[in-house]
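In: Below: sequence and its predicted model.
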Amino acid sequence: MCTGKWAKCTADLLFPLALCCIVANILLFFPNGKVWSTKKITEAIWYLPGIIGGGILVKFCFIKHNFCTNLMLQMMLSMVMSGLGVAGTLYCILVSVVGLQDGPLCDTGDGVFIYPFSNQTESYLFKQEIWEVCEQPENVVLWNVVLFSILLGVGTLEAVLSLTQVTNGLVGCLCGTSMNHRQRQSHYCS
């Protein structure tokens, strides 16, 4: 497959994934679909892993570079922008892992919001029976586990696609593209 077609294909795949990350991150702000004060929201959510990392930085991977007529320069720009996408996906993955590891901020019944699963020897992820320790927000553990897992999974898929686009851009810079002249006019760099 030529580098230009692969770049367009990658962009078409990354767009809905970036949108999914943004939506998942926004949903994390509303545990169980309810509005809570900012002091009662898990800290990892405020790092915006899905909005910044899996969303905005990944969107750099599929920006059109129509201002540039030199295909080699377009592919180089594509490679650099995809590198930003890789950095964003790594950020999304790392923050999601931390969010899953620490668990949610919740009220365990005394009115004080704490991280009850932080610093435990065994992971709370595989012990659903202890999730009930979080009384408020209701179902916050499940909410966080599902949404941070989505961010982790989608971020990993975005990382793979972004890395292939970096490689694609490098191949395009070194070897050129196999597109004819008409296709070059509407070429996606990534």
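Out: Right, received. Where do you want to start?
In: At which residues are the helices of this protein located?
Out: Shown for the chain, the helices assigned by DSSP state H span residues 3-28, 57-59, 71-102, 140-175, 181-184.
In: quick one: which of those is nearest Asp110?
Out: Closest to Asp110 of the helices of the chain, according to Cβ to Cβ: helix 140-175, at 15.8 Å. To be clear about C-beta, it is placed using only N, CA and C from the backbone, and glycine gets the same treatment.
In: how about low-confidence regions in the protein?
Out: Scanning the chain for pLDDT under 70 picks out the ranges 1-4, 7, 62-72, 176-190.
In: give the contact list for the residue nearest the centre of it.
Out: Centroid-nearest residue in the chain: Gly54, 2.3 Å away (criterion: Cα atoms, centre = their mean). For Gly54, the contacting residues are 17-18, 20-22, 25, 88-89, 92, 151, 154-155, 158, by Cβ atoms under 8 Å, 6 or more residues apart in numbering.
In: can you redo the helices of the chain as JSON lines with distance to Gly50 and mean neighbour count?
Out: Listed next are those as JSON lines, based on distance: least, Cβ to Cβ, whole Å; neighbours: other Cβ atoms under 10 Å:
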{"stretch": "helix 3-28", "distance to Gly50": "3", "mean neighbour count": "20"}
{"stretch": "helix 57-59", "distance to Gly50": "10", "mean neighbour count": "25"}
{"stretch": "helix 71-102", "distance to Gly50": "6", "mean neighbour count": "21"}
{"stretch": "helix 140-175", "distance to Gly50": "5", "mean neighbour count": "20"}
{"stretch": "helix 181-184", "distance to Gly50": "34", "mean neighbour count": "10"}
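In: Turn the contacts of Gly54 into CSV, including distance to Thr121.
Out: Conversion of the contacts of Gly54 to CSV gives the following (distance: Cβ to Cβ, whole Å):
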residue, distance to Thr121
Leu17, 35
Ala18, 37
Cys20, 33
Cys21, 31
Ile22, 35
Asn25, 30
Gly88, 33
Thr89, 30
Cys92, 27
Leu151, 25
Val154, 30
Gly155, 27
Glu158, 32
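In: how about the helices of the chain in JSON lines, adding distance to Cys134?
Out: Formatted as JSON lines, these follow (distance: least, Cβ to Cβ, whole Å):
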{"stretch": "helix 3-28", "distance to Cys134": "15"}
{"stretch": "helix 57-59", "distance to Cys134": "31"}
{"stretch": "helix 71-102", "distance to Cys134": "13"}
{"stretch": "helix 140-175", "distance to Cys134": "5"}
{"stretch": "helix 181-184", "distance to Cys134": "55"}
